[in-house]
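A.B. asks: I would like to see how this sequence folds:
(one chain, ligands or ions: 1)
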Amino acid sequence: MAAPKLVDGPEGQQKVVLKSSSGGSAEVFLHGAHVTSWKSNKGEELFFLSKKAIYAPPKAIRGGIPLCFPQFGPLGKLQQHGFARNSEFEVSRGSEDSVTMSLRPTTDLHRTYPHEFHLLVTVKVGSDSLTQTLEVKNESSEAMPLGTAFHTYFLVSDVDNVYVDVGSDGPTYLDNTKGRAETQLSGSKVKFQQEFDAIFQGAPDSLKLVDEKTGRTITVKKEGLPDAVVWNPWGDKQFADMAEGEYRTFVCVEPALAASGPIQVQPGETWSCTQVLSVS
Ligand SMILES: O=P(O)(O)OC[C@H]1O[C@@H](O)[C@H](O)[C@@H](O)[C@@H]1O
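C.D. replies: Reported below is the predicted structural model:
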């Protein structure tokens, strides 16, 4: 397979542009193996990307799919959402429609996460679909703690017009706005009228984001990930990398190993998970 071509993005960062034979496309930065764009067969952008996004540490690029690894949120000793989203990956292999990026620990990472590992992240754009797989091998002789999430920011017409169907009736969730207090959802739909930041532990493997204005439905399927996080901050002034009013134009639906983690990946073991996004 031909190696994917790297093109220049903002702030000296390089990205790979993927194209599917059916007209869809995606862009993936080496910085964080971060997907910043996914377009449907018709060429419509499906991901939010902030006008004020910063393409350098200490935060991830605001939008697309930041990869939380090897920690979800503050659930561990590392920086919020782990270090992968602020690390430089290398291209390991790829083709027209898919790329695999690789990360190994640096001396700097060892200071806070003293484990030998090899992380591979594969992104493939298909016909109105995007598949992302994470595989990590523990190459050290001790167990390695792991939490993770595909922190996807979906572009919506307006947050008032959308709901997330979490796939079960009246599930409980951990409310991150209330110190992870257990709360029950009324029905199966999350609607947004204020800040919503919830971990659905043991969530069904298929969730839907429905935009009633555009008629667009995004289906999020997860494999190997027990939890799902749904987030809208209901404000943007608290974020240096979000422009005014932008919070109304996205909702995050995040397949995750969050409250069900961290798990321990055993020496020599390879652990993997996948999300498959499709649009109709
Ligand atoms: O600003 P960050 O570090 O990218 O995090 C964004 C959000 O990520 C979500 O996954 C968390 O549930 C939120 O609590 C958090 O605010």
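
A.B. asks: just give the nearest non-adjacent residue to Val276, would you?
C.D. replies: Closest residue in space to Val276, ignoring its immediate chain neighbours: Lys221 at 4.4 Å, by Cβ to Cβ, 6 or more residues apart in numbering. Placement of C-beta: from N, CA and C, glycine included.

A.B. asks: ok, so what distance separates that neighbour from the ligand?
C.D. replies: Computed as Cβ to the nearest ligand atom, to the nearest Å, the Lys221 to the ligand distance reads 19 Å.

A.B. asks: checking that residue next. Helix, strand or coil?
C.D. replies: Three-state call for Lys221 (DSSP: H, G, I helix; E, B strand; the rest coil): strand.

A.B. asks: and for it, the neighbour number?
C.D. replies: Lys221 has 16 neighbours, counted by other Cβ atoms under 10 Å.

A.B. asks: ok, now Ser168?
C.D. replies: Counted by other Cβ under 10 Å, the residues lying close to Ser168 total 14.

A.B. asks: name the element it belongs to?
C.D. replies: Assigned by DSSP states H and E, Ser168 belongs to no helix or strand.

A.B. asks: contacting residues for it?
C.D. replies: 188, 203-204 (Cβ atoms under 8 Å, 6 or more residues apart in numbering).

A.B. asks: let me know the closest of these to Lys213.
C.D. replies: Proximity of the contacts of Ser168 to Lys213 (Cβ to Cβ) peaks at Ser188, which lies at 20.4 Å.

A.B. asks: report pLDDT for the nearest residue to that closest one once chain neighbours are set aside.
C.D. replies: Nearest non-adjacent residue to Ser188, counting by Cβ to Cβ, 6+ apart: Asp169, 5.1 Å away. Looking at Asp169, its pLDDT stands at 97.

A.B. asks: restrict the contacts of Ser168 to those near the ligand?
C.D. replies: Contacts with the ligand within the contacts of Ser168, counted by Cβ under 6 Å from any ligand atom: none were found.

A.B. asks: next, give phi and psi for the closest residue in space to Ser280 that isn't next to it in sequence.
C.D. replies: In space, and not counting its chain neighbours, Ser280 is closest to Thr217: 5.3 Å by Cβ to Cβ, 6+ apart. Here is the backbone geometry of Thr217 (degrees, to the nearest 10): phi -120, psi 130.

A.B. asks: can you list the residues of this structure near the ligand?
C.D. replies: Residues of the chain found near the ligand (Cβ under 6 Å from any ligand atom) are 59-60, 73, 80-81, 151, 176, 197, 229, 231, 254.

A.B. asks: among the residues you listed, the buried ones, what's the PyMOL command?
C.D. replies: Buried residues within those, by 16 or more other Cβ atoms under 10 Å, are selected in PyMOL with:
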select buried, resi 59+60+73+81+151+176+197+229+231+254
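
A.B. asks: among the residues of the chain next to the ligand, which are in helices?
C.D. replies: Assigned to helices by DSSP state H, none of the residues of the chain next to the ligand qualify.

A.B. asks: how close does Met101 get to Met144?
C.D. replies: Here Met101 is placed at a distance of 20 Å from Met144 (Cβ to Cβ, to the nearest Å).

A.B. asks: still on that earlier bit, list only those of the contacts of Ser168 flagged as buried.
C.D. replies: 188, 203.

A.B. asks: in TSV: the residues of the chain next to the ligand, plus pLDDT.
C.D. replies: Formatted as TSV, the residues of the chain next to the ligand follow (pLDDT from 0 to 100):
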residue	pLDDT
Lys59	77
Ala60	91
Gly73	96
Gln80	95
His81	97
His151	98
Asn176	97
Asp197	98
Val229	98
Trp231	98
Glu254	98
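
A.B. asks: so which of the residues of the chain next to the ligand is the closest to Arg111?
C.D. replies: Closest to Arg111, out of all of those and judged by Cβ to Cβ, is Gln80, at 17.1 Å.

A.B. asks: my read: the closest one touches Ala60, true?
C.D. replies: No - the criterion here is Cβ atoms under 8 Å, and Gln80 misses it with Ala60 at 9.6 Å.
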